[in-house]
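Colleague: here is a sequence together with a model predicted from it:
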Amino acid sequence: ADGGRLADATVARTWHIINPGRTNRLGRPTGYVLYPEQNPTLLADPSAGITSRAAYTTRHLWVTAYDPEERYPAGDLVNQNPGGDGLPRYMAADRNVENTDVVLWHTFGLAHFPRPEDWPVMPVDYAKFTLKPHGFFDNNPVLNVPAASGGHCAAPAGGCH
């Protein structure tokens, strides 16, 4: 039930998802690091109807035990959901997330503050996150890539620049 977390850019918060059953040559567990998007959570009053229907937007990260029936953060019927379905219901089950398959639900989006350039159609904006492997390799895996034919680089005649 404690699986909801907030990102915090002031401390460069990241989350490490590890497998203690698998270790690398240094004896450390293998895993991934989630570098979250640093946007605000839902900008709505806690008593608003959208807040109960889209409760998953109140945290940046949710961690739940894997269940093939739990596919959508707002529940199966989001448009007919009166609230409390999806991640709040999954979290209420309070299942163990240690040493089991888990699902990371990273909520991110845009807090769109319109500009004159957005009218009449907003051109483009970006929302992103990074999920990087951490500790899987003994060293940098590109160190043993074979050299290009024809010397130390594949530049045309006249050498590398």
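Modeller: Structure's in. What do you need?
Colleague: contact partners for Met122?
Modeller: 112, 114 (Cβ atoms under 8 Å, 6 or more residues apart in numbering). To be clear about C-beta, it is placed using only N, CA and C from the backbone, and glycine gets the same treatment.
Colleague: hang on, it is in a strand, isn't it?
Modeller: No: per DSSP: H, G, I helix; E, B strand; the rest coil, Met122 lies outside any strand segment and is coil.
Colleague: per-residue pLDDT, it?
Modeller: In this prediction, Met122 carries a pLDDT score of 82.
Colleague: in this protein, spot the strand with the most residues.
Modeller: As assigned by DSSP state E, the longest strand anywhere in the chain is strand 15-23.
Colleague: can you give me the offset of the very next helix or strand once past it from its chain's centre?
Modeller: Going down the chain from strand 15-23, the next helix or strand is strand 29-35, by DSSP states H and E. Relative to its chain's centre, strand 29-35 lies at 11 Å (Cα atoms, centre = their mean, to the nearest Å).
Colleague: ranges for the helices of the chain?
Modeller: All helices of the chain, identified by DSSP state H, fall at 49-53, 87-92.
Colleague: kindly compare burial across the ones you listed and name the winner.
Modeller: helix 87-92 (a mean of 18; mean count of other Cβ atoms under 10 Å).
Colleague: contacting residues around that one?
Modeller: Helix 87-92 is contacted from outside by 1, 3-4, 55-56, 62, 64, 67, 70, 73-75, 105, using Cβ under 8 Å, 6+ apart.
Colleague: pLDDT averaged over it, what's the number?
Modeller: 91.
Colleague: can you check stretch 37-45 too?
Modeller: On average, stretch 37-45 scores 88.
Colleague: residue ranges with poor pLDDT in the protein?
Modeller: 1, 150-161 (pLDDT under 70).
Colleague: now the spatially most central residue of the chain: how far from Lys128?
Modeller: Nearest to the mean C-alpha position of the chain, counting by Cα atoms, centre = their mean, stands His106 at 4.3 Å. Distance of His106 to Lys128, computed by Cβ to Cβ, to the nearest Å: 10 Å.
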